[in-house]
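**Student:** Return atomic coordinates for the entry below.
(one chain, ligands or ions: 1)
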Amino acid sequence: MTRVIHTGDTHLGYQQYHLPQRREDFLDAFRRVAADAVEEEVDAVVHAGDLFHDRRPTLPDIMGALSVLRELDGADIPFLAVVGNHESKRDAQWLDLFESLGLATRLGDEPVTVGDVAVYGLDFVARAEREDLDYDFSSHGCDYAALVSHGLFQPFEHGDWDIREVLAGSPVRFDAALLGDDHTPQTRRIEDPHDAWLTYCGSTERASADERENRGYNLVVFEDDPPDSPADGVDIRRRALDTRDFVFVDVELGPGEGVERVRERVTQEELTDAVVVVSIAGEGEPVTPATVEEAAAEAGALTTRVTDHRELADERDVEVSFADPDEAVRERVRELGLSPAAREVDETVRASKVADSNVASEVERRVRELVEDDETGAFRPAEGGEAEDAEDAQGENSAGSEGAEADAEVVDPGRAEAEPGEEGTDSQVTMEDYL
Ligand SMILES: [Mn+2]
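**Tutor:** A predicted model of the protein is given here:
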């Protein structure tokens, strides 16, 4: 019997909500997975990508990762991994550094044998490279074969590439695809092109408030003496992780109801050290988020995010007035006919999700991703906007950014044009410093 833990989307270094505690939480979750691996004496930990949240993790994030990998190494549990989209660099990968230290194995075309299982890897593949991809998986002499990969795959929802194509094109017959990228855990068995399991292990900490379900990882067991269809001998079980409490409060306000009702609902919950996510819908009076946040903070919440869906409901009919400058900005931005990429930049600059000091690097990261993934469509102005051609849209774009500077001071459109050759010119440690 071969038992492996399948985990992924660890997102080390993600300082969610600008909170150092959240950054710690992501490392803690990884540490717990490793502790379970040691306790369960599994044969390997397989990581399906996005170990780091960013291509340029900081030194503490790298040290944190190393300390966990050392735990596994101390228990003789191999750590086998692929590179995800969040962390992939053009040159050497962080994973290569860990491999050079003897703490990890980067999966690829050559099988890595774990008990009765041959494990292979396919890093995240950008859209433009998929068609010409050669599947050079070498043959193996094991009872089972598993492919570890990172990407949004069909037949799962939101997939943009069919994993069945990959399986069909591969010279090795895989009994299981252990996947990362989709943070929602989900498992399916397919018959076509052959009997096999497909599974996403899900993220180990909530990287966004949409990830409501409990976090966890997969324990995958390959039975001895595989049946006629080896997939019958594969058992995939989900294990829960004890992570930071998230308290989700969805309030539907009736006519005449307002902040009192929201506050009442929020304080009914146990909020100590929790991330509180409040969602307001329905009718009722305007609600000042600060009032709700204060009430939750008094009850011991770590942080509170309030989303009022009512503002967005009938946007088009809203009369813009100086009483609501946010809506005025939204209205104007809509009229600009910005490209999807420009809208994303605008969102990054103005939304509160990204700390002011991170805006420049976040914008650079996103634009670089779009360029690398060859998403040229993202730079085309939206149809139906007022901008008449691309040049106009660009001019308007910087005007829009200026308007946003009231909220975020770090806007330098020049930096948004990504300087691909110049990674690591800031104070963060680069890979090259290590190798
Ligand atoms: Mn991810």
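**Student:** alpha carbons only for contacts and neighbour counts from here, please
**Tutor:** Fine.
**Student:** Just give the nearest non-adjacent residue to Leu12, would you?
**Tutor:** Phe52 (4.5 Å; C-alpha to C-alpha, 6 or more residues apart in numbering).
**Student:** Below-threshold pLDDT in the protein: ranges please.
**Tutor:** 311-325, 351-353, 383-435 (pLDDT under 70).
**Student:** Can you tell me which residues in it are near the ion?
**Tutor:** Residues of the chain lying close to the ion by C-alpha under 5 Å from the ion are Asp9, Asp181.
**Student:** Domains in the chain, by residue range?
**Tutor:** 2-240, 245-313, 316-435 (automatic domain parsing).
**Student:** Show me how far the longest one is from its chain's centre.
**Tutor:** If I follow you right, that is domain 2-240. 13 Å (C-alpha atoms, centre = their mean, to the nearest Å).
**Student:** which residue does the stretch 101-250 of the chain bring closest to the ion?
**Tutor:** Using C-alpha to the ion, the closest approach of the stretch 101-250 of the chain to the ion is made by Asp181 at 4.5 Å.
**Student:** my guess is that residue meets Val83, correct?
**Tutor:** No: taking contacts as C-alpha atoms under 8 Å, Asp181 lies outside contact range of Val83: 10.5 Å.
**Student:** the more surrounded of those two?
**Tutor:** Val83 (28 against 23; other C-alpha atoms under 10 Å).
**Student:** would you say that one is within a helix?
**Tutor:** No: using DSSP: H, G, I helix; E, B strand; the rest coil, the secondary structure at Val83 is coil, not a helix.
**Student:** I'd like to know how far it sits from the ion.
**Tutor:** To the ion, Val83 is 11 Å away according to C-alpha to the ion, to the nearest Å.
**Student:** so that residue touches Phe52, yeah?
**Tutor:** No: under the criterion of C-alpha under 8 Å, Val83 is not in contact with Phe52, lying 9.5 Å apart.
**Student:** ok, the residue lying closest to Val259 once chain neighbours are set aside - contacts?
**Tutor:** In this structure, Val259 finds its nearest non-sequential neighbour in Val287, 5.1 Å apart by C-alpha to C-alpha, 6+ apart. Applying C-alpha atoms under 8 Å, 6 or more residues apart in numbering, we find Val287 in contact with Gly258, Val259, Asp308.
**Student:** Go again with 10 Å.
**Tutor:** Glu257, Gly258, Val259, Glu260, Arg261, Val262, Arg263, Ile280, Val306, Asp308 (C-alpha atoms under 10 Å, 6 or more residues apart in numbering).
**Student:** That one: which element?
**Tutor:** Using DSSP states H and E, Val287 sits within no helix or strand.
**Student:** before we move on, what about Glu294?
**Tutor:** helix 289-298.
**Student:** what do you get for Ile5?
**Tutor:** Short version, using DSSP H and E: Ile5 is in strand 2-7.
**Student:** and the next element down the chain from that strand?
**Tutor:** helix 20-40.
**Student:** quick one: the strands in the stretch 251-400 of the chain?
**Tutor:** Assigned by DSSP state E, counting those that start in this stretch, the stretch 251-400 of the chain shows strands spanning 275-282, 303-308.
**Student:** Could you save those strands as JSON lines and add columns showing mean neighbour count?
**Tutor:** Shown next, in JSON lines, are those (neighbours: other C-alpha atoms under 10 Å):
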{"stretch": "strand 275-282", "mean neighbour count": "20"}
{"stretch": "strand 303-308", "mean neighbour count": "18"}
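**Student:** Pro230 is nearest to which of those?
**Tutor:** strand 275-282 (43.0 Å; C-alpha to C-alpha).
**Student:** Partner strands of that closest one, with direction?
**Tutor:** strand 246-253 (parallel), strand 303-308 (parallel) (DSSP bridges).
**Student:** Give the buried residues for the longest one.
**Tutor:** Of the residues in strand 246-253, those scored as buried under the neighbour-count criterion (16 or more other C-alpha atoms under 10 Å) are Phe246, Val247, Phe248, Val249, Val251, Glu252, Leu253.
**Student:** Quick one: distance of it to the chain centre.
**Tutor:** 23 Å.
**Student:** Neighbouring strands - and their directions - for the strand holding Ile5?
**Tutor:** strand 44-47 (parallel), strand 216-222 (antiparallel).
**Student:** No further questions, thank you.
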